[in-house]
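In: Build me a structure from this.
(one chain, ligands or ions: 1)
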Amino acid sequence: MNRNSEQEQSFQIETTASMEQLRHRSRLVEMFEKSPLPMDERLFNIGMYTRSSILVKFLLMSDVYKRIKNIPGQLIEFGTWWGHNLILLENLRAIHEPFNKQRVIVGFDTFDGYTSLSAKDKECHVWSEKSYNTGVDYVSYLRELIEVHEGSNVLGHVKGRHRLVVGNVEQTAPQYFVEHPESIVAFAYFDMALYAPTKAALQAIKPHLVSGSVLLLDELTWPESPGEAIAFKEVFARDEVCIEKCELYPSKAIVTVR
Ligand SMILES: C[S@@+](CC[C@H](N)C(=O)[O-])C[C@H]1O[C@@H](n2cnc3c(N)ncnc32)[C@H](O)[C@@H]1O
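Out: Modelled structure (predicted):
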């Protein structure tokens, strides 16, 4: 799926890369597009085109998955964008617990990008209005992609209950738990960076967490996104959780519920 011109203009990915690194990344894109490998073999050998700064995300999610493997309940991402982590989670489920078809994997996003900042957030090009907009039409593509991955994994004929929740998390997160009061949340990834949606999502999941549940906070200590940490500190008291800096990814923090 190609980005349309509106998305191209509005979208600026978060990066600390130098110009030299960005040039190499552009070259990698060209080499991927013009690869002599046939498309199916390019996918089979996808590690040839996976940068270390992307590979680390696979390693991090695998580490997190191992931590929650024995905790029952749902795996949730708040701020899914294209859905990379949802696909990783489905495939990690297939690796770490292939016979557990009870994992519900849930992605929340507007699929229309960022909306607005609150007074507790800092202006930043990363979350200008509509940045990270995939277009709401993308949701049906992502749904099918998740099903395709699920179908190619062990017990693929037994369909899981993966869910995509479209809309502003400030409304959709509380509503989701009204509709699913039985929920237990084993893992939740917070990647919206802003105060209001992060606070709404943290408040919504808190009654559904259990001892050992893990939260992954993407921007807890990033100076550009004070809103995420403020929201976190308003919802959780210090003695309710244990916080660690991710070993391989210093900007992210792993929070384990006591
Ligand atoms: C940095 S991106 C997420 C990247 C994704 N987690 C990944 O690792 O590939 C942030 C996402 O949060 C979403 N978002 C921001 N504010 C939101 C809100 N109030 N409700 C729902 N989604 C929101 C944006 O649409 C965007 O897709």
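
In: all contacts plus neighbour counts: C-alpha atoms, from now on.
Out: Will do.

In: secondary structure class for K66?
Out: Judged by DSSP: H, G, I helix; E, B strand; the rest coil, the three-state class of K66 is helix.

In: typo on my end, T198
Out: Under three-state DSSP, T198 comes out as helix.

In: My read is that it contacts A204, right?
Out: No: counting by C-alpha atoms under 8 Å, T198 does not reach A204; the two are 9.8 Å apart.

In: Which residue of those two possesses the greater neighbour count?
Out: More crowded of T198 and A204, by other C-alpha atoms under 10 Å: T198, with 27 against 20.

In: As a check, name the ranges of all strands in the stretch 151-258 of the chain.
Out: 163-166, 185-190, 209-217, 241-245, 253-257 (DSSP state E, counting those that start in this stretch).

In: want to throw the ones you listed into TSV with mean neighbour count and distance to L155?
Out: Rendered in TSV, the data for those read as follows (neighbours: other C-alpha atoms under 10 Å; distance: least, C-alpha to C-alpha, whole Å):
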stretch	mean neighbour count	distance to L155
strand 163-166	17	19
strand 185-190	24	22
strand 209-217	22	26
strand 241-245	15	35
strand 253-257	20	30
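
In: now these in CSV, with distance to S62 and mean pLDDT?
Out: CSV is the format used below for those (distance: least, C-alpha to C-alpha, whole Å; pLDDT from 0 to 100):
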stretch, distance to S62, mean pLDDT
strand 163-166, 21, 98
strand 185-190, 12, 98
strand 209-217, 12, 98
strand 241-245, 16, 97
strand 253-257, 13, 98
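
In: wait, which of those is closest to S118?
Out: Proximity to S118 (C-alpha to C-alpha) singles out strand 185-190 among the strands of the stretch 151-258 of the chain, at 17.2 Å.

In: Taking strand 185-190 as reference, get the angle to the helix or strand where G107 lies.
Out: Using DSSP states H and E, G107 maps to strand 105-109. Orientation check (axes from the mean of the first three to the mean of the last three C-alpha atoms, to 10 degrees): strand 105-109 against strand 185-190 gives 30 degrees.

In: ok, residues contacting strand 105-109?
Out: 74-81, 83, 86, 89-90, 161-169, 172-173 (C-alpha atoms under 8 Å, 6 or more residues apart in numbering).

In: Mind checking which of those residues are buried?
Out: 74-81, 83, 86, 89-90, 162, 164-165, 167-169, 172-173 (16 or more other C-alpha atoms under 10 Å).

In: who's in contact with the closest residue to F232 other than its chain neighbours?
Out: Nearest residue to F232 in three dimensions, chain neighbours excluded: K199, at 6.8 Å (C-alpha to C-alpha, 6 or more residues apart in numbering). Listed by C-alpha under 8 Å, 6+ apart, the contact set of K199 reads 228, 231-232, 234-235.

In: Most neighbours among these, which one?
Out: E228 (27 neighbours).

In: Verify the stated contact: that one with L194.
Out: Yes: between E228 and L194 there is a contact under C-alpha under 8 Å: 5.4 Å.

In: thinking again about what came up before, out of the contacts of K199, which sit inside helices?
Out: Using DSSP state H, 228, 231-232, 234-235 are the members of those that sit in helices.

In: Between those, which sits nearest the ligand?
Out: For these, the closest approach to the ligand (C-alpha to the nearest ligand atom) belongs to E228, at 11.5 Å.

In: per-residue pLDDT, the closest one?
Out: At E228, the model reports a pLDDT of 95.

In: which element follows the least confident helix or strand in the chain by mean pLDDT toward the C-terminus?
Out: Across the helices and strands of the chain, mean pLDDT, DSSP states H and E gives its lowest value to helix 5-10, namely a mean of 44. Later in the chain than helix 5-10, the nearest helix or strand by DSSP H and E is helix 19-33.

In: I'd like the average pLDDT over the helix or strand that contains Y141.
Out: Using DSSP H and E, the element containing Y141 is helix 138-152. The pLDDT scores in helix 138-152 average 97.

In: buried ones in it?
Out: Buried, per 16+ other C-alpha under 10 Å, within helix 138-152: 139, 142, 146-147, 150.

In: For it, what is the distance to the chain centroid?
Out: 16 Å (C-alpha atoms, centre = their mean, to the nearest Å).
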